[in-house]
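> Could you look at this predicted model? Sequence included:
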Amino acid sequence: MRSKFAAALLMSGALVCATSGATAAPQTVQAQYNVSLNGAAIAVMHETFEAREGAYQATSETHAVGVFALVQRRPGRVTSAGGIGSDGLRPKTFDGARGTRDPRRVHAEFDWAANTLTLSHDNRVDTVALPAGTQDRLSVMYQFLFLEPEKLSTLEFPMTNGRKLDHYRYTIGPDTAIDTPLGRLEVIHLLKQHAPGETATEIWLSRAHRLMPVKMRVIEDDGGRYEQIIARLEIRS
């Protein structure tokens, strides 16, 4: 399994700029996604999200399956923690690694008072300016829980993967319905704007599940087609 796989799938989130008047978050979310490459199953992703007393903790673990498990024995683990405000999630720390000795481990520290983002990766530390509304590649998935569907219009946001800070822009397609292991779901369809040769990303948000992402598709510049689709979802308020 290529190292780009975990990064591509776990970065497939989006943050809607208009989050003022955000709705109250559920206390817990447990989700499971099935991941495929060009139609073949390659991994199962387990995620948990907890929100209590103005703070949140999110964890995502990706376990390879089938022949991919022979070459990728360690699960990928990503965590995000921080506070919850009127605009939704405000990350404080982000970590990503495969095992405790992973040389490619990444770590991000969000200093909102100083407006700086510190990125630790590949035996180096970088500090960059921290724009308002910045998310990490896991918190961004749960920022949707705070959005109001009727305000979905423009999608433009900063996000970090622990190595760098990028800006993303999405367009919103017409509402549609998709078939999933949870049944047929009414969804909002998001499409990432990208230049030729860049990774293409699509996201489907379930209207019946507080805009939780229930399907994601990533097409890399070499034609590799990754899909992540919901297999189990439990949301408790």
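Right, received. Where do you want to start? Numbers count the residues shown, from 1 in each chain.

> Show me what the helix or strand where H189 lies is packed up against.
Assigned by DSSP states H and E, H189 belongs to strand 183-192. Judged by 3 or more Cβ pairs under 8 Å, 6 or more residues apart in numbering; DSSP states H and E, strand 183-192 is in contact with strand 165-172, strand 176-180, strand 200-206, strand 212-219. Heads up, the C-betas are built off the backbone N, CA and C, glycines and all.

> Rounded mean pLDDT for it, please.
The average of the pLDDT scores along strand 183-192 is 93.

> Pull stretch 62-70 out as CSV, backbone CA atoms only.
What follows is stretch 62-70, C-alpha atoms only, in CSV (Å, rounded to 0.1, in the frame of the first residue of the first chain):
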residue,chain,number,x,y,z
THR,A,62,-6.9,2.6,9.3
HIS,A,63,-6.3,-1.2,9.1
ALA,A,64,-5.2,-2.8,5.9
VAL,A,65,-7.1,-5.9,4.7
GLY,A,66,-6.5,-8.7,2.2
VAL,A,67,-3.1,-8.7,0.4
PHE,A,68,-2.5,-5.2,1.5
ALA,A,69,-2.3,-6.4,5.1
LEU,A,70,0.8,-8.4,4.2
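
> now that stretch: how far from the chain's centre is it?
21 Å (Cα atoms, centre = their mean, to the nearest Å).

> Now do the buried residues in that stretch.
Buried residues in stretch 62-70, counted by 16 or more other Cβ atoms under 10 Å: T62, H63, A64, F68.

> and these, which of them are in helices?
Of the buried residues of stretch 62-70, the ones assigned to helices by DSSP state H are F68.

> so how many other residues sit close to N115?
By the measure other Cβ atoms under 10 Å, the count of residues near N115 is 12.
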